[in-house]
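**Q** sequence and computational prediction follow.
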Amino acid sequence: MTDSKYFTTTKKGEIFELKAELNSDKKEKKKEAVKKVIASMTVGKDVSALFPDVVNCMQTDNLELKKLVYLYLMNYAKSQPDMAIMAVNTFVKDCEDPNPLIRALAVRTMGCIRVDKITEYLCEPLRKCLKDEDPYVRKTAAVCVAKLHDINAQLVEDQGFLDTLKDLISDSNPMVTLSEIASLTAGTCLTALNECTDGGGQIFIPGLLANYTPQDDREGPEVSICERVTPRLSHANSAVVLSAVKVLMKFMEMLSKDLDYYGTLLKKLAPPLVTLLSAEPELQYVALRNINLIVQKRPEILKHEMKVFFVKYNDPIYVKLEKLDIMIRLASQANIAQVLAELKEYATEVDVDFVRKAVRAIGRCAIKVEQSAERCVSTLLDLIQTKVNYVVQEAIVVIKDIFRKYPNKYESVIATLCENLDSLDEPEARAAMIWIVGEYAERIDNADELLESFLEGFHDESTQVQLQLLTGIVKLFLKKPTETQELVQQVLSLATQDSDNPDLRDRGYIYWRLLSTDPVAAKEVVLAEKPLISEETDLIEPTLLDELICYIGTLASVYHKPPSAFVEGGRGVVHKSLPPRTASSESAESPETAPAGAPPGEQPDVIPAQGDLLGDLLNLDLGPPVSGPPLTTSSVQMGAVDLLGGGLDSLMGDEPEGIGGTNFVAPPTAAVPASLGAPIGSGLSDLFDLTSGVGTLSGSYVAPKAVWLPAMKAKGLEISGTFTRQVGSISMDLQLTNKALQVMTDFAIQFNRNSFGLAPAAPLQVHAPLSPNQTVEISLPLSTVGSVMKMEPLNNLQVAVKNNIDVFYFSTLYPLHILFVEDGKMDRQMFLATWKDIPNENEAQFQIRDCPLNAEAASSKLQSSNIFTVAKRNVEGQDMLYQSLKLTNGIWVLAELRVQPGNPSCTVRLSLKCRAPEVSQHVYQAYETILKN
């Protein structure tokens with residue numbers, strides 16, 4: 001009988017029976033009991049109560065039983081640290097056992113027990129194992145040092161383990177050498193690559209070589225490394241092959257394309273990749289995900305191997321979809337005929353997901369290879385004639401993209417599309433059809449009837465369809481105004497008065513105002529010529545692609561995400577990138593440099609320790625927010641130190657050029673068209689203050705929403721958000737998504753005390769229960785009169801959100817520019833006096849790289865975020881902007897911005913002076929964010 005029998009028992013009182021069996025005198029009975037304990041632990045039962053009884057079983061000569069006990073110990077030592085100390089003597093004894101397998105097992109388990117209390121007891125056994133006569137024990141001990149370093153780095157250094165590792169790099173056994181290198185992540189390994197016969201080593205050494213960057217510009221080291229690694233392309237182990245491919249992909253970046261060896265490498269890379277596709281489906285999938293990255297980076301490697309990616313009838317669906325994706329990436333004028341023939345065949349398969357992807361692929365071929373567009377459209381029309389519902393809907397979606405790519409070329413097929421209007425039931429297909437009708441309304445006689453049929457169930461449609469229907473009807477009105485007045489009134493009313501969706505309301509109000517003030521401008525905006533869509537809309541962003549190429553053969557290359565996106569905590573994750581190409585081939589951007597003033601390698605601790613986060617939030621009343629006292633502003637004491645040596649005095653006579661003097665004139669009141677009189681008269685006419693004019697709107701930069709609280713950490717509630725400042729008001733724009741299986745209600749929010757007194761100015765309003773898979777957008781107004789406590793970092797905000805399920809905590813960093821107030825422009829005389837008065841040690845210097853703005857553009861951008869230019873002058877060819885800003889708590893920050901016109905490095909120099917110098921770093925970050933976005 002197999003060990004599966006241990007997983008079938010669920011009887012009550014099992015713990016007591018196991019306890020008795022573990023203390024039995026019979027060895028077989030004891031082993032059976034430990035197997036039952038491990039089985040229970042594996043399926044999630046809590047058997048920690050048996051800890052002392054299981055530990056007593058360690059005193060045995062039976063290797064199988066010892067392995068099971070050690071497995072239990074690794075799992076429960078962290079929750080029972082005091083009991084785990086009982087096992088120390090056994091570890092010490094086992095490390096001196098005559099059997100090298102037991103010695104290695106003991107030292108491996110020691111490294112996996114992450115308990116601070118017992119690590120110091122394990123140093124002596126570990127030191128002995130590092131000098132063990134058996135290479136397997138030495139190799140295991142070397143890996144254990146790396147694990148111990150992760151637990152207590154100082155202890156490893158104090159005990160001299162690092163020096164021992166360095167000595168062992170010259171070990172006679174290559175397996176040991178590999179483990180030392182793995183622990184030290186340094187060393188020379190080309191020699192070890194040839195000598196090593198261990199599969200793990202053959203995978204690991206190329207991975208280490210991929211991290212190596214030659215120090216000189218000669219092409220010798222790159223070619224040498226590639227020549228040593230190339231034989232691994234014919235290895236039987238697919239992991240070794242992918243590891244070798246990773247090294248070659250990296251070092252090809254450093255080789256000139258003019259070299260004969262470069263062309264030889266391209267030819268050598270194709271066969272091993274093709275061979276990987278003859279393995280079992282699971283390995284095929286991993287290979288295909290990696291090939292997808294390689295094809296995006298260097299399509300020329302596999303451009304002649306299209307046929308190997310043709311789908312086989314017995315391929316699993318996940319393999320089929322990946323092959324289809326790669327086929328599109330390799331499609332070219334030379335092979336498009338056979339690709340289209342294959343895709344048409346796939347579109348008649350029975351697997352719905354595969355058919356949909358095949359139909360979309362035909363559209364992508366049309367967009368990518370212009371010469372094939374007509375044939376693709378003809379193929380799509382043939383598929384529409386099959387009247388298979390999901391085929392028709394996918395075909396309409398891709399034909400819309402073809403219209404965008406090739407305007408005024410294939411519109412003759414619109415009549416055929418309109419015949420299938422009634423069969424459309426998927427949001428994307430309905431939205432695509434509405435776009436086509438609105439865009440080509442002048443060519444469709446009954447366009448108004450078609451759009452009106454969609455309008456009947458407006459509130460039941462998805463947001464995507466509602467937005468497209470609103471735009472489509474406005475387009476129709478601008479093209480046929482006399483026939484569609486009633487229709488446009490109806491849709492504007494539905495979008496603005498009867499909808500809770502902020503995106504839909506905003507778009508409706510914008511269209512309404514455009515139509516009511518200047519129909520000519522509305523026509524220019526809504527019917528403007530659209531940019532052509534790009535050929536490859538699903539390519540991975542180049543910087544991310546370069547990073548993923550460095551992770552070929554790992555989980556990151558399968559997920560197509562960097563390790564930092566899925567490794568919990570991100571500790572130890574290094575961001576990799578391909579080196580810049582050599583000067584003789586195409587240029588590439590150099591890796592981004594760290595901003596000046598920030599220590600290299602340091603990242604702000606966005607999420608504080610759990611103890612810090614829960615300290616005050618657990619005691620918060622999550623009801624409506626209560627305003628606290630406002631902050632008092634310290635008075636400014638004037639001194640008399642001229643830090644610039646009179647440099648600012650000349651500003652008094654200079655007039656700022658085009659800064660601070662722009663007046664926003666209210667738009668002229670336009671006559672309201674009769675066709676729009678009814679709705680506007682019902683209270684919407686003053687929404688945009690058409691008669692009284694428009695005040696100065698602060699167009700402060702708004703960062704895109706980021707995920708602040710992942711669903712996996714909040715029982716299915718995902719919270720994304722960003723911060724905005726509009727006309728003096730600060731808001732936290734939230735997006736709540738319910739990814740759980742139950743409805744969420746009773747939402748409330750509260751902030752911990754923070755550096756600038758940010759607090760909710762109103763309750764968190766979620767007007768309806770949040771159903772599963774539903775998303776709601778909320779704008780939460782904020783005040784700055786809450787309780788104040790200095791945070792680390794200064795702009796850290798700790799938040800508690802409550803709903804009917806639980807209370808959840810998260811932390812985020814708010815951009816400081818949301819705290820820049822509108823009256824932050826300082827008088828020139830005051831600016832000069834204040835600059836002189838602030839001590840010299842309070843001045844901070846920064847550099848903003850890759851900022852190709854002139855002084856006027858920079859000043860305009862900064863003013864929109866309430867950073868005001870007091871004066872401007874030109875000194876030795878440099879434009880100098882003197883600026884001021886004020887925070888909500890009354891702190892003034894003075895700035896000198898130096899812009900060098902025509903500077904090829906695009907570097908802007910920034911000097912900041914402030915009485916509270918701790919804000920300077922955050923103000924600099926605000927400058928950098930605003931100027932670069």
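**A** Cool, the structure landed.

**Q** ranges for the helices of the stretch 51-200 of the chain?
**A** With DSSP state H, counting those that start in this stretch as the definition, the stretch 51-200 of the chain shows helices at residue ranges 51-56, 63-76, 81-84, 88-94, 100-112, 116-119, 123-130, 135-151, 153-158, 161-168, 174-184, 190-195, 199-209.

**Q** out of those helices, flag the one nearest Ser771.
**A** helix 63-76 (38.8 Å; CB to CB). For the C-beta atoms, the positions are set from N, CA and C on the backbone; glycine is no exception.

**Q** which other helices and strands contact that closest one?
**A** If contacts are counted by 3 or more CB pairs under 8 Å, 6 or more residues apart in numbering; DSSP states H and E, helix 63-76 sits against helix 27-42, helix 51-56, helix 100-112.

**Q** what's the most buried one of those?
**A** Sort these by mean neighbour count, taking mean count of other CB atoms under 10 Å, and helix 100-112 sits at the top with a mean of 21.

**Q** distance of the residue nearest to Ser234 when sequence neighbours are not counted from Gly757?
**A** Spatial nearest neighbour of Ser234, excluding adjacent residues (CB to CB, 6 or more residues apart in numbering): Pro272 at 6.6 Å. Distance from Pro272 to Gly757, counting by CB to CB, to the nearest Å: 62 Å.

**Q** picking up where we left off before, can you list the helices of the stretch 51-200 of the chain in a markdown table and add mean pLDDT and distance to Asn795?
**A** Shown next, in a markdown table, are these (pLDDT from 0 to 100; distance: least, CB to CB, whole Å):
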| stretch | mean pLDDT | distance to Asn795 |
| --- | --- | --- |
| helix 51-56 | 79 | 45 |
| helix 63-76 | 80 | 40 |
| helix 81-84 | 72 | 37 |
| helix 88-94 | 77 | 46 |
| helix 100-112 | 82 | 39 |
| helix 116-119 | 70 | 33 |
| helix 123-130 | 82 | 42 |
| helix 135-151 | 81 | 30 |
| helix 153-158 | 80 | 30 |
| helix 161-168 | 75 | 38 |
| helix 174-184 | 50 | 38 |
| helix 190-195 | 50 | 48 |
| helix 199-209 | 59 | 38 |
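
**Q** which of these sits closest to Leu780?
**A** Comparing those by CB to CB, helix 135-151 comes nearest, at 40.2 Å.

**Q** just to revisit the earlier point, with neighbour numbers in mind, choose between Pro272 and Gly757.
**A** Set side by side, Pro272 and Gly757 show more neighbours around Gly757, with 23 against 20, by other CB atoms under 10 Å.

**Q** assign a three-state SS to the more buried one, would you?
**A** For Gly757, the assignment made with DSSP: H, G, I helix; E, B strand; the rest coil gives coil.

**Q** swap in Asp879?
**A** Of the three states, Asp879 takes strand according to three-state DSSP.

**Q** what does the one 10 residues further on give?
**A** When states are read from three-state DSSP, the local structure at Asn889 comes out as coil.

**Q** do I have it right that it meets Leu758?
**A** No: here Asn889 does not reach Leu758: they are 10.7 Å apart, not a contact under CB atoms under 8 Å.

**Q** on that earlier part again, now the residue nearest to Ser234: which helix or strand?
**A** Using DSSP states H and E, the element containing Pro272 is helix 260-276.

**Q** now Cys57. Its backbone dihedrals?
**A** Main-chain torsions, Cys57, degrees, to the nearest 10: phi -80, psi 0.

**Q** now do the same contact list for it.
**A** Counting by CB atoms under 8 Å, 6 or more residues apart in numbering, Cys57 touches 22, 30, 34, 65, 69.

**Q** redo that, cut-off 6 Å
**A** 30, 34, 69 (CB atoms under 6 Å, 6 or more residues apart in numbering).

**Q** look up how far Lys67 lies from it.
**A** The gap separating Cys57 from Lys67 is 11 Å, by CB to CB.

**Q** and for Thr463?
**A** Counting by CB to CB, the separation of Thr463 from Lys67 is 56 Å.

**Q** next one: Val919
**A** With CB to CB as the criterion, Val919 and Lys67 are 58 Å apart.

**Q** between the two, which one's more packed in?
**A** Neighbour count, other CB under 10 Å: between Val919 and Lys67, Val919 has more, with 23 against 16.

**Q** look up how far Leu894 lies from the more buried one.
**A** 12 Å.

**Q** same question, Leu68
**A** Separation of Leu68 from Leu894 (CB to CB) stands at 69 Å.

**Q** show me which of these two is the more surrounded one.
**A** Between Leu68 and Leu894, counting by other CB under 10 Å, Leu894 is the more crowded of the two (22 against 19).

**Q** host element of that one?
**A** strand 892-899.

**Q** counting contacts, what elements does that strand pack onto?
**A** Strand 892-899 sits against strand 878-886, strand 908-914, with contacts defined as 3 or more CB pairs under 6 Å, 6 or more residues apart in numbering; DSSP states H and E.

**Q** and the next helix or strand past the last one?
**A** Stepping forward along the backbone from strand 908-914, the first helix or strand reached (DSSP H and E) is helix 920-932.

**Q** dump that next one to PDB, restricted to CA.
**A** The C-alpha atoms that make up helix 920-932 are tabulated as PDB, following Å, rounded to 0.1, in the frame of the first residue of the first chain:
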ATOM      1  CA  SER A 920      13.800  69.600   0.900                       C
ATOM      2  CA  GLN A 921      14.200  66.000  -0.300                       C
ATOM      3  CA  HIS A 922      10.400  65.600  -0.800                       C
ATOM      4  CA  VAL A 923      10.100  69.000  -2.500                       C
ATOM      5  CA  TYR A 924      12.900  67.900  -4.900                       C
ATOM      6  CA  GLN A 925      11.000  64.700  -5.600                       C
ATOM      7  CA  ALA A 926       7.900  66.800  -6.400                       C
ATOM      8  CA  TYR A 927       9.900  69.000  -8.800                       C
ATOM      9  CA  GLU A 928      11.200  65.900 -10.500                       C
ATOM     10  CA  THR A 929       7.800  64.300 -10.800                       C
ATOM     11  CA  ILE A 930       6.100  67.500 -12.200                       C
ATOM     12  CA  LEU A 931       8.900  68.300 -14.700                       C
ATOM     13  CA  LYS A 932       9.100  64.700 -16.000                       C
END
